[in-house]
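**Q** quick one: sequence and predicted model below, then my questions.
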There are 2 protein chains.
Amino acid sequence: MDIQSYMHTVGRAARVAARELARAETRAKNLALETIAHAIERNAATLLQANDRDLEAAKTRDLEAALVERLTFNESRISSMADGLRQIAQLSDPVGEISDVRYRPTGIQVGHMRVPLGVIGIIYESRPNVTADAAGLCLKAGNAAILRGGSEAIHSNKAIGACVQEGLRTAGLPAHAVQVVETTDRAAVGELITLREYVDIIVPRGGKGLIERVSNEARIPVLKHLHGVCHVYIDDRADSDKAVRIADNAKTQRYGTCNTMETLLVHKDIAAKILPPLAKIYADKGVELRGDAAASAIVAGMKAATEEDWYEEYLAPTLAIRVVDGIDQAMDHIAQYGSQHTDTIVTEDWSRARRFLREVDSSSVMVNASTRFADGYEYGLGAEIGIATDKLHARGPVGLEGLTSLKWIVLGDGHIRS
Amino acid sequence: MDIQSYMHTVGRAARVAARELARAETRAKNLALETIAHAIERNAATLLQANDRDLEAAKTRDLEAALVERLTFNESRISSMADGLRQIAQLSDPVGEISDVRYRPTGIQVGHMRVPLGVIGIIYESRPNVTADAAGLCLKAGNAAILRGGSEAIHSNKAIGACVQEGLRTAGLPAHAVQVVETTDRAAVGELITLREYVDIIVPRGGKGLIERVSNEARIPVLKHLHGVCHVYIDDRADSDKAVRIADNAKTQRYGTCNTMETLLVHKDIAAKILPPLAKIYADKGVELRGDAAASAIVAGMKAATEEDWYEEYLAPTLAIRVVDGIDQAMDHIAQYGSQHTDTIVTEDWSRARRFLREVDSSSVMVNASTRFADGYEYGLGAEIGIATDKLHARGPVGLEGLTSLKWIVLGDGHIRS
């Protein structure tokens, strides 16, 4: 198969389907989502069989355990997928939403209408549930989707794709509104990310390597999530109980997520009070601490943090700790080493809270709350396609709204410009 | 001078200034704008002298008349520049604006805060007033600007840059918040559009050649305005008077602007009624008509339109005319040949107006109004940096808001995720 012409065919079909989907009624899109959910549950046995083929292949390819774990289906994961689609059906339709319509002095009315982006290319690894999630979100937002999962999940992805097709057919929506790329050839990714004529935006979901490759080579805008080096800064005017609770939760509630705290910054005047009880909690939970000299002087036995530690996204029970002179040094540290993902200040001081909120340039900036809240569900988006760390278009958790754009509408009654 | 290291120095300084500017108070930014306006008026003689040097050089380089016209300063253009800056000072400051703050079931409050984009690179041709306009808009939106004007306007641009420096100094803002690139070497553009580390977005303003070059070679997001192939569709249920008025105004109010109608689509059942009076108006104003067979059968002496005419942005007193079967063919034509800029339907039919608004995928979609309204001032933005025809981030006329982004803010009181 000629990959280039295959991907052009996929792209062209997506573009045609996108125009039709943009006009689709909410009722049809919801019917498709409900039908896909039902098909996934009804075909659970088929999905498990397809998944077994992927797991067999994973064994011969000697995939690492974490990847295999993410790849594996079971009854509960299958019903989560179906539930997720039903939740998306419940969300209100963003497409066609009209806002901010105002009369202008000339007599025309000017406002906005929310519209789909068009064609979205999703490139992801391992987790086959992304096939259902991404298809559902793109569909609800009126976009055609081209789904390029990892080769290790090809059979699982195709089996889910068949359920998606059933839903589209039942609802009378175009079959090419969601296409699962059927080749595992890596060249397909290279083609997809340069199909400027047919694809409006690329969403990569996966490890740093994938995202960097896609960002560097794409000739299409990329909605990317690079990494999360999140900070909690405990100010000397913090309430100690809140500080301990937040610093514990931000690090230990889950280790492998992008909104987990990776570096703790503590004001020098509160460090001696806060660090010992925190170190005890971390020790009990098996978190390795790496501190600067001042932190190590307070808590014995800490490993010395190196310059590299400040840049590190551990995604593991490891935490870097630095004692700072005050809010300015904390914000300088965040600006220099952070990844503009999520940063929190713990303080009872109004002026400092106000400054931190304004001056920290991250996609989520928090006061007295755990970084772990940075999440589409927690923010009320209902579902997310990813977390964007860039500033353009969408930022932070990206839900249905981030998969749409606005157009201007002008309502007149024979008005002309003079 | 080593262009690469020069541009890196400019970029690095802009990045540092951007962080400071993001924190700047509204009062300081407005003081800078007022001071720049005043300096431009006070230094009118100096600006005219600098402009004379550019005009002298233009003569020896044999620049075309239209370019020279755009390059030329006079008293009135100088006061327009100053007025424009004062108007920007009057606009409310978008930075720090908090919106949509809601309590979530967990007890945290989640909302948005508007923030600057960071560093904006503007690449433009000929018109030196862009130096003042762009500096003013970027400054008010809290962004550092790197301004790269055409070599033909280098002395004028530097003279304006000196006024900008005076304003920044007076207001206590960082001198590198606005930098005029001092070299006319074209390699500087190539460097600027690949300075990913320091520049957040590129705004090219100029001809198609410039914009295509920048879009193709940039490694940074580009806020671009490609071209405007705008349509008016006159439905058979149009009010004839409104239709004639709008089709006249959309074409003839100004010929050289991107929101000027380039193709007129007319329903077959109203063509015989509408085209003769319109043709008379166009003939009186010297507009050349190029029609399809059906249009030519109604109005004698029309040139035959070719396939290329439907794609053409004339920017001139030339108009393509096509007779269509109805709204579907009109919308198909717009989807195929249009540039997603601005399109209007003229109709009294509610259902068709509703369909056109929803289904036409352009940055401005209008009902019973002239395409000429697609403009930042007419829409109430106060001023515009350009008109974006892409869908991501900003679309249509881009004012202060389009030069900013949103971050999420989370307000808690010791809240943790469970």
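**A** The structure has been received and is ready for your questions.
**Q** helices of the stretch 51-200 of chain A, start to end?
**A** Ranges of helices in the stretch 51-200 of chain A, per DSSP state H, counting those that start in this stretch, are A:65-71, A:75-90, A:129-140, A:154-170, A:187-192.
**Q** output those in CSV, with mean neighbour count, distance to B:L67 and mean pLDDT appended to each entry.
**A** All C-beta spots, glycine's among them, are computed from the backbone N, C-alpha and C. Listed next are these as CSV, based on neighbours: other Cβ atoms under 10 Å in any protein chain shown; distance: least, Cβ to Cβ, whole Å; pLDDT from 0 to 100:
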stretch, mean neighbour count, distance to B:L67, mean pLDDT
helix A:65-71, 14, 59, 88
helix A:75-90, 17, 53, 95
helix A:129-140, 27, 45, 95
helix A:154-170, 22, 53, 97
helix A:187-192, 20, 41, 95
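**Q** ok, which of those helices comes nearest A:I270?
**A** helix A:65-71 (37.4 Å; Cβ to Cβ).
**Q** for the longest helix along chain A, list every residue counted as buried.
**A** Secondary structure of chain A per DSSP state H: the longest helix is helix A:3-22. Neighbour-count burial for helix A:3-22, counted by 16 or more other Cβ atoms under 10 Å in any protein chain shown, picks out A:3, A:6-7, A:10-11, A:13-19, A:21-22.
**Q** same deal with stretch A:239-250?
**A** Those would be A:D239, A:K242, A:A243, A:V244, A:R245, A:I246, A:A247, A:D248, A:N249, A:A250, for stretch A:239-250 by 16+ other Cβ under 10 Å.
**Q** could you measure the third one against B:E308, distance?
**A** So the one you mean is A:A243. Distance from A:A243 to B:E308, counting by Cβ to Cβ, to the nearest Å: 69 Å.
**Q** tell me how many other residues crowd A:R355.
**A** 17 (other Cβ atoms under 10 Å in any protein chain shown).
**Q** report the contact partners of it.
**A** Counting by Cβ atoms under 8 Å, 6 or more residues apart in numbering or on different chains, A:R355 touches A:I327.
**Q** just the pLDDT for it.
**A** With respect to pLDDT, A:R355 has a value of 96.
**Q** what's the answer for the one 3 residues further on, then?
**A** pLDDT for A:R358: 96.
**Q** now do the phi/psi pair for the closest residue to A:R322 other than its chain neighbours.
**A** Spatial nearest neighbour of A:R322, excluding adjacent residues (Cβ to Cβ, 6 or more residues apart in numbering or on different chains): A:D292 at 4.7 Å. Main-chain dihedrals, A:D292, degrees, to the nearest 10: phi -80, psi -180.
**Q** can you give me every residue that contacts A:D292?
**A** So A:D292 contacts A:A304, A:A305, A:I321, A:R322, A:V323 (Cβ under 8 Å, 6+ apart).
**Q** could you list the low-pLDDT ranges of chain A?
**A** In the predicted model, chain A carries pLDDT under 70 at residues A:1.
**Q** for it, what's the longest strand?
**A** strand A:404-415 (DSSP state E).
**Q** ok, the closest residue to chain B within the stretch 251-400 of chain A - how many residues close by?
**A** The stretch 251-400 of chain A approaches chain B most closely through A:A369 (3.0 Å), counting by Cβ to the nearest Cβ. By the measure other Cβ under 10 Å, the count of residues near A:A369 is 33.
**Q** A:Y377 too?
**A** Using other Cβ under 10 Å, A:Y377 has 14 other residues around it.
**Q** quick one: it is in a strand?
**A** No: using DSSP: H, G, I helix; E, B strand; the rest coil, the secondary structure at A:Y377 is coil, not a strand.
**Q** for the closest residue to A:A293 other than its chain neighbours, list each beta-bridge partner.
**A** In space, not counting the residues next to it along the chain, A:A293 is nearest to A:A304; the distance is 7.7 Å by Cβ to Cβ, 6+ apart. The partner list for A:A304 in beta bridges (DSSP bridges) reads A:G291.
**Q** picking up where we left off before, just checking: what are the partner strands of the longest strand of chain A?
**A** Assessed with DSSP bridges, strand A:404-415 is paired to strand A:109-116 (antiparallel), strand B:364-369 (parallel).
**Q** can I get these in a markdown table including distance to B:G190?
**A** Formatted as a markdown table, the strands paired with strand A:404-415 follow (distance: least, Cβ to Cβ, whole Å):
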| stretch | distance to B:G190 |
| --- | --- |
| strand A:109-116 | 34 |
| strand B:364-369 | 33 |
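**Q** of all those strands, which one is nearest A:E64?
**A** Nearest to A:E64, of those and by Cβ to Cβ, is strand A:109-116 at 37.5 Å.
**Q** can I get the closest one in CSV? Just the C-alpha atoms.
**A** In CSV, the C-alpha atoms belonging to strand A:109-116 read as follows (Å, rounded to 0.1, in the frame of the first residue of the first chain):
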residue,chain,number,x,y,z
GLN,A,109,-25.9,43.3,15.3
VAL,A,110,-22.5,41.7,15.8
GLY,A,111,-21.8,38.5,17.8
HIS,A,112,-20.2,35.1,17.8
MET,A,113,-21.3,31.6,16.8
ARG,A,114,-19.3,28.6,18.0
VAL,A,115,-18.3,26.3,15.1
PRO,A,116,-16.3,23.0,14.8
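**Q** and it, how far out from the chain's middle?
**A** From the chain centre to the centre of strand A:109-116 is a distance of 26 Å (Cα atoms, centre = their mean, to the nearest Å).
**Q** make a ChimeraX selection of the buried ones in the contacts of A:D292.
**A** Filtering the contacts of A:D292 down to the buried ones (16+ other Cβ under 10 Å) takes a single ChimeraX command:
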select /A:305,321,322,323
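**Q** what kind of secondary structure is A:I202 in?
**A** Quick answer, by three-state DSSP: A:I202 is strand.
**Q** one more: A:I274?
**A** helix.
**Q** that one contacts A:I234, doesn't it?
**A** Yes: using Cβ atoms under 8 Å, A:I274 is in contact with A:I234, at 5.8 Å.
**Q** thanks a lot, see you next time.
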